[in-house]
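Visitor: Take a look and give me a structure for this.
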Amino acid sequence: MSLDLESISEATSGAIGSLLSTTILYPLDTCKTKYQAEARAHGQQKYRNLSDVLWEALATRQVLSLYQGLGTKNLQSFISQFVYFYGYSYFKRLYLEKSGFKSIGTKANLIIAAAAGACTAVVTQPLDTASSRMQTSAFGKSKGLWKTLTEGTWSDAFDGLGISLLLTSNPAIQYTVFDQLKQKVLIGKQNRDRGSSPEALSATTAFLLGAISKSIATILTYPAIRCKIMIQAADPNDEGNVKTHRRSRKTLSKVLCAIWKREGILGFFKGLHAQILKTVLSSALLLMIKEKISATTWVLILAIRRYLLVKRSTNLHNKKCLIALI
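Guide: Reported below is the predicted structural model:
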């Protein structure tokens, strides 16, 4: 069975873009996650604003703790984006081949994106859960990946999987909107510049389209995003060095009730501005980087493939010569 080189190229460029954008924006992501994970208790809350998390890190001289869990997050981000982009590209090509259509419609695009997202969620859920726990641990108290994954039962590593599957609608909406906007922009360019056929967006245009598409997806799915973070958050009673008790099981119904009783309906949108700021910047950077390196990645993959074919052909030729001599 031959490899789908185009899908591999899309997956590789998407994964590299995700890795770079995650690393650049990780301190902001940590502040955002800790802020979202806190639920108001008895009318009091530790973090009134997103900046309070940053000031706590500065006041306690734990600035480097803003990067706690970065390795796990990068691993999860790289794998998830590779799986997602490969699945999305592969399913889209398969659909076009089977249907005979020249382009893909919005409904089919949503289904394909959701299918790719579901595959991604199942594969990377343990890493996603671990990175959330490491980010929401007290500054300087974060555990390593292996200890975080093994401190509870195997099912604990998949906390939030149901919501993650529900949130496959987020990238589905995002990439569908992005693809549709991209097609319109490229068609518009082609109409203005007759005789030319632009193959890629400029960095600025890709950034803007990525920001718009991610903003729409984030606003529509935010209540589920916050519930997922609260389910995966580290236990505030865990000091990070000695396991003194079994981690209490958080369920969607418990989290929903806690938010409703303590914060009201607006609580479901606590941290929305922080989520939009982080995810829009991250997604826009990812798509911008991906658009700029896609062509280079494709050329490198073809060069590697050609090198391997030539090497294989040379080895076969040498074997035939040896057989002839014998």
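Visitor: what separates stretch 110-125 from the chain centre, distance-wise?
Guide: Distance of stretch 110-125 from its chain centroid, counting by C-alpha atoms, centre = their mean, to the nearest Å, is 11 Å.
Visitor: Stretch 288-298 now?
Guide: Computed by C-alpha atoms, centre = their mean, the chain-centroid distance of stretch 288-298 equals 18 Å.
Visitor: Please identify the buried residues of it?
Guide: For stretch 288-298, burial by neighbour count (16 or more other C-beta atoms under 10 Å) applies to 288-294, 297-298. No exception for glycine: its C-beta is placed from N, CA and C like everyone else's.
Visitor: can you check stretch 151-158 too?
Guide: Of the residues in stretch 151-158, 151-152, 156-158 count as buried by neighbour count, 16+ other C-beta under 10 Å.
Visitor: Could I get the average pLDDT for stretch 207-214?
Guide: Stretch 207-214 shows a mean pLDDT of 82 in the predicted model.
Visitor: what does that stretch rub up against?
Guide: With contact meaning C-beta atoms under 8 Å, 6 or more residues apart in numbering, stretch 207-214 is reached by 173-175, 177-178, 181-182, 185, 201, 276, 279-288.
Visitor: Just those residues: which are in helices?
Guide: Using DSSP state H to define helices, the subset of these located there is 173-175, 177-178, 181-182, 185, 276, 279-288.
Visitor: picking up where we left off before, of the buried residues of stretch 151-158, which is the nearest to residue 307?
Guide: Among the buried residues of stretch 151-158, residue 157 lies closest to residue 307 (C-beta to C-beta), at 39.8 Å.
Visitor: give me every residue that touches the closest one.
Guide: Neighbouring residues of residue 157 by C-beta under 8 Å, 6+ apart: 125-126, 129-130, 149.
Visitor: Residue 279 now?
Guide: Neighbours of residue 279 in contact, by C-beta under 8 Å, 6+ apart: 214, 218.
Visitor: Okay, it and residue 80: tell me how far apart.
Guide: Here residue 279 is placed at a distance of 14 Å from residue 80 (C-beta to C-beta, to the nearest Å).
Visitor: TSV please, covering the contacts of residue 157 and showing pLDDT, distance to residue 263 and secondary structure.
Guide: Shown next, in TSV, are the contacts of residue 157 (pLDDT from 0 to 100; distance: C-beta to C-beta, whole Å; DSSP: H, G, I helix; E, B strand; the rest coil):
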residue	pLDDT	distance to residue 263	secondary structure
125	89	27	helix
126	88	29	helix
129	88	24	helix
130	87	27	helix
149	73	30	helix
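Visitor: Tabulate these (CSV), appending distance to residue 68 and neighbour count.
Guide: Shown next, in CSV, are the contacts of residue 157 (distance: C-beta to C-beta, whole Å; neighbours: other C-beta atoms under 10 Å):
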residue, distance to residue 68, neighbour count
125, 20, 20
126, 18, 20
129, 15, 26
130, 12, 26
149, 15, 18
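Visitor: Next, format these as a markdown table and append distance to residue 210.
Guide: Converted to a markdown table, the contacts of residue 157 look like this (distance: C-beta to C-beta, whole Å):
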| residue | distance to residue 210 |
| --- | --- |
| 125 | 25 |
| 126 | 28 |
| 129 | 26 |
| 130 | 27 |
| 149 | 32 |
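Visitor: The residue nearest to the spatial centre of the chain sits in which helix or strand?
Guide: Nearest to the mean C-alpha position of the chain, by C-alpha atoms, centre = their mean, lies residue 77 at 5.1 Å. In the assignment (DSSP states H and E), residue 77 maps to helix 70-99.
Visitor: Quick one: low-confidence residue ranges for the stretch 51-200 of the chain.
Guide: Applying pLDDT under 70 to the stretch 51-200 of the chain flags residues 193-200.
Visitor: again, only this time at 80
Guide: Along the stretch 51-200 of the chain, segments meeting pLDDT under 80 span 81, 85, 102-107, 109-110, 140-157, 171-172, 175-176, 188-200.
Visitor: and the residue lying closest to residue 251 once chain neighbours are set aside, how many neighbours?
Guide: Excluding its sequence neighbours, the residue lying closest to residue 251 (C-beta to C-beta, 6 or more residues apart in numbering) is residue 231, at 7.5 Å. Residue 231 has 21 neighbouring residues, counting by other C-beta atoms under 10 Å.
Visitor: how close does the closest residue in space to residue 232 that isn't next to it in sequence get to residue 140?
Guide: Closest residue in space to residue 232, ignoring its immediate chain neighbours: residue 132 at 3.8 Å, by C-beta to C-beta, 6+ apart. Distance of residue 132 to residue 140, computed by C-beta to C-beta: 18 Å.
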